[in-house]
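> sharing a sequence plus its predicted fold:
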Amino acid sequence: MFCENCGTAVRDGSEFCTSCGKKMAVTGVAGQRTGAESVAALGAYKVVSFQASISNTGSGQDVAATLQRTIDQEANSGWVFVQIQELTTFVSGNSGCFGLGATPGTTTSMAVLIFKRT
Ligand SMILES: [Zn+2]
């Protein structure tokens, strides 16, 4: 995104312009998130997909820290953590052309965090 004051390219999610220091307008990821939340807020529960990404040298500790941050973040907007659950999705295979290049179906799994409105 770009600073609306001086036009400098600023990393997405930055709060202030690195060049002139002007406070950035909330756009992009943060804006979409707000939209998703207002829809979810209609219900008493909210489900957030959780993908931990850690570096090669990362450990379980880092995953736990990321998870903790997500929970804290949601708590700030009034969502209480209920549980974490693993969702397994089947991805259908490709039959290929006359059996050539056929790939079997696979399953992929991801974690979702369930939050409850206080
Ligand atoms: Zn600027």
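Nice, thanks for sending it over.

> strands of this protein, start to end?
With DSSP state E as the criterion, the chain has strands at 45-50, 79-91, 106-117.

> chain center to the second one, what's the gap?
Going by CA atoms, centre = their mean, to the nearest Å, the spacing between the C-alpha centre of strand 79-91 and its chain's C-alpha centre is 13 Å.

> near the ion, which residues of the protein?
C3, N5, C6, T8, C17, S19, C20, K22 (CB under 5 Å from the ion). Placement of C-beta: from N, CA and C, glycine included.

> wait, the fourth one touches M1, no?
No: contact between T8 and M1 fails when scored by CB atoms under 8 Å: they sit 10.1 Å apart.

> next, R11: phi, psi?
Dihedral pair for R11: phi -60, psi 140, per degrees, to the nearest 10.

> buried ones in the longest helix belonging to the chain?
The helix that spans the most residues within the chain, counting by DSSP state H, is helix 60-76. Across helix 60-76, burial judged by 16 or more other CB atoms under 10 Å covers T66, L67, T70, I71, E74.

> which residues touch the third one?
With contacts defined as CB atoms under 8 Å, 6 or more residues apart in numbering, the neighbours of T70 are V48, F50, L113.

> roughly how far apart are it and F50?
6 Å (CB to CB, to the nearest Å).

> joint contacts of the two?
L113.

> okay, now the unreliable bits of this structure?
Along the chain, segments meeting pLDDT under 70 span 25-42, 52-58, 97-100.

> isn't I114 up against K46?
Yes: shown here, I114 and K46 form a contact pair, counting by CB under 8 Å, at 7.5 Å.
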